[in-house]
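Colleague: predicted model, plus sequence, below.
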Amino acid sequence: MAYFDNGNQIFKDARREHYAVGAYNTNNLEWTRAELRAAEETRTPLLIQVSTGAAKYMGGYKFVKDMVADQIDSMNISVPVILNLDHGDYESAKECIALGYSSVMFDGHALPVEENLAKTKEIIKLAHERGISVEAEIGKIGENQGADGGELASVEDAITFYKAGVDKLACGIGNIHGVYPEGWKGLNFDRLKEIADAVPVPLVLHGGSGIPEDQVKKAISLGIAKVNINTEFQLAFQKATRKYIEDKKDLDTANKGYDPRKLLLPGTEAITAAMKEMISWLGTKSIDDELKDASFDRASLNEE
Ligand code: 13P
């Protein structure tokens with residue numbers, strides 16, 4: 001039976017050792033398989049997450065949980081997998097906690113901050129009773145706002161939510177979901193550093209697609225331990241699928257090029273390739289290196 005890790009130790013290690021673990025959105029079966037394959041082949045842990053819209057598209061949160069769990073079993077996945085609700089509201093966070101997701105993001109950024117905090121605390125209580133991890137959002141991640149991104153997270157809110165007991169904190173630092181607009185001003189490293197200096201929790205970078213590699217690496221060096229990726233893989237899938245069709249391979253009836261198992265394959269493989277590249281950008285530590293380091297630590301402890 002598939003087991004979902006809550007990721008708390010994984011993300012703490014990542015923040016301490018200045019690397020990040022990717023949080024990869026799933027949109028369907030192909031996405032799930034492509035992401036699990038990339039993680040298994042690189043021997044790195046991964047977080048698979050689902051947005052409310054994608055869960056609705058696939059048939060609900062239970063379907064997503066069962067599908068990911070069944071794929072882990074049928075693909076013999078041996079690396080840790082965290083299953084996270086992405087940008088959940090209060091009701092969906094409660095539903096995913098009851099279903100056994102190992103992590104939930106309660107996104108109350110649109111609520112007045114007191115209500116966001118009160119609801120976050122309720123979700124933390126429900127989740128922690130069951131060993132489930134909680135992510136909250138402060139400030140606002142941009143949504144096609146233009147060059148400035150969304151709303152900067154404040155250090156004061158970071159401290160308040162940290163004290164409330166969140167396990168991970170998503171901060172608005174000029175980042176934007178989707179494709180970055182022309183003239184985007186870049187990440188606000190000053191604010192990120194102020195937040196990272198104030199709270200020790202793993203920090204989360206939403207809108208991780210399309211940020212230049214040097215900025216991603218700098219953000220990780222300052223305290224980002226989880227990087228959310230969705231658009232990057234949608235574009236990789238789209239590009240490879242477009243090529244298949246432009247090459248008229250779908251019209252090759254003799255080879256059944258119209259069969260969805262063939263039509264969707266280049267895009268699926270492109271997701272695995274894009275994720276492997278992302279893993280190298282993030283410096284995600286393999287579980288083999290983690291084990292080696294752990295036994296090294298134990299050996300040195302025995303010598304003392
Ligand atoms: P992108 O689609 O911009 O990669 O953002 C993903 C994300 O932050 C999901 O929460």
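Modeller: That came in fine, so what should we check first? Numbering: from 1, shown residues only.

Colleague: buried sites along stretch 276-292?
Modeller: 278-279, 281-285, 287, 290 (16 or more other CB atoms under 10 Å). Where you see a C-beta, it was placed from the backbone N, CA and C, and this is true even at glycine.

Colleague: please see if it touches the ligand.
Modeller: No: using CB under 6 Å from any ligand atom, stretch 276-292 stays clear of the ligand, with a minimum separation of 10.1 Å.

Colleague: what pLDDT, on average, does that stretch get?
Modeller: Per-residue pLDDT over stretch 276-292 has a mean of 94.

Colleague: ok, stretch 214-226 next?
Modeller: Mean pLDDT, stretch 214-226: 98.

Colleague: pull out the buried positions in it.
Modeller: 216-220, 222-226.

Colleague: ok, now stretch 193-210?
Modeller: Buried residues in stretch 193-210 (16+ other CB under 10 Å): 193, 195-196, 199, 201-209.

Colleague: quote the end-to-end distance of it.
Modeller: From its first residue to its last, stretch 193-210 covers 21 Å (CA to CA, to the nearest Å).

Colleague: now swap in stretch 14-32 and tell me
Modeller: This stretch, stretch 14-32, spans 23 Å end to end (CA to CA).

Colleague: pLDDT of that stretch, averaged?
Modeller: Per-residue scores along stretch 14-32 average to 98.

Colleague: returning to that earlier point: farthest-apart pair in the buried residues of stretch 193-210, please.
Modeller: Spanning the widest gap among the buried residues of stretch 193-210 are Val199 and Ser209, at 25.4 Å by CB to CB.

Colleague: sorry, back to before: turn the buried residues of stretch 276-292 into TSV, including secondary structure and distance to Gln9.
Modeller: Shown next, in TSV, are those (DSSP: H, G, I helix; E, B strand; the rest coil; distance: CB to CB, whole Å):
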residue	secondary structure	distance to Gln9
Met278	helix	22
Ile279	helix	19
Trp281	helix	22
Leu282	helix	17
Gly283	coil	17
Thr284	coil	14
Lys285	coil	12
Ile287	helix	12
Glu290	helix	10
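
Colleague: which of those lies closest to the ligand?
Modeller: Nearest to the ligand among these: Met278, at 10.1 Å, using CB to the nearest ligand atom.

Colleague: the closest residue in space to Gly7 that isn't next to it in sequence: how many residues sit nearby?
Modeller: Leaving out its chain neighbours, the residue that sits closest to Gly7 by CB to CB, 6 or more residues apart in numbering is Ile82, at 3.9 Å. By the measure other CB atoms under 10 Å, the count of residues near Ile82 is 23.
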